[in-house]
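*Asks:* What shape does this take:
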Amino acid sequence: MNQDYLDPINALHIPELADTTFAMDLLLRAKEGVRNIAVALTESASPDVRTLLRNQLMQGIAMHQEITELMINKKWFHPYELSEQYKLDQLSANNTLMIGKMNLFPVETNRKGMFDRTPDDH
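*Replies:* Predicted coordinates for the structure are as follows:
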């Protein structure tokens, strides 16, 4: 990745990186939801509320499992292969550092001539 964030070459593989990021965030939110519902379940006294929370807890666990299986199948998550997961984590950390070093507000933003055609004059 070069330092020019407006260069179209930097958009390569971005959809895949975004998908993995969104999936991991969804997995973490599902895990957080399961944890919060479990805590709420232990704090509730009403049988009706406990039934409702128990059903939501089972749905949350099922959703967490579905997300995990999707990520494993797509090779975005390796819970049983720590060396492979470490490689993905390192790649993510390196990408984050690279993006952090980019000059996101350059003085010169003219990109005339970088594309194969000129924009429509409307």
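
*Asks:* Could you tell me which residues within the helix or strand bottoming out on mean pLDDT in the chain count as buried?
*Replies:* Lowest by mean pLDDT, DSSP states H and E among the helices and strands of the chain is helix 82-101, with a mean of 88. Neighbour counts over helix 82-101 (16 or more other C-beta atoms under 10 Å) mark residue 88 as buried. All C-beta spots, glycine's among them, are computed from the backbone N, C-alpha and C.

*Asks:* how much space between residue 39 and residue 48?
*Replies:* Per C-beta to C-beta, to the nearest Å, residue 39 is found 18 Å from residue 48.

*Asks:* Any stretches of this structure with poor pLDDT?
*Replies:* Scanning the chain for pLDDT under 70 picks out the ranges 1-8, 10-11, 106, 109, 111-122.

*Asks:* For the residue nearest to the spatial centre of it, give me phi and psi.
*Replies:* By C-alpha atoms, centre = their mean, the chain has its centre lying nearest to residue 21, at 1.8 Å. Backbone torsions of residue 21, given as degrees, to the nearest 10, read phi -70, psi -50.

*Asks:* any idea how far the least confident helix or strand of the chain is from the chain center?
*Replies:* Helix 82-101 sits 13 Å away from the centroid of its parent chain (C-alpha atoms, centre = their mean, to the nearest Å).

*Asks:* again with stretch 81-100
*Replies:* Offset of stretch 81-100 from its chain centre (C-alpha atoms, centre = their mean): 13 Å.

*Asks:* and what of stretch 91-110?
*Replies:* For stretch 91-110 - counting by C-alpha atoms, centre = their mean - the centre lies 19 Å from the chain centre.

*Asks:* Same check on stretch 53-60?
*Replies:* Here stretch 53-60 is found 24 Å from its chain centre; the criterion is C-alpha atoms, centre = their mean.
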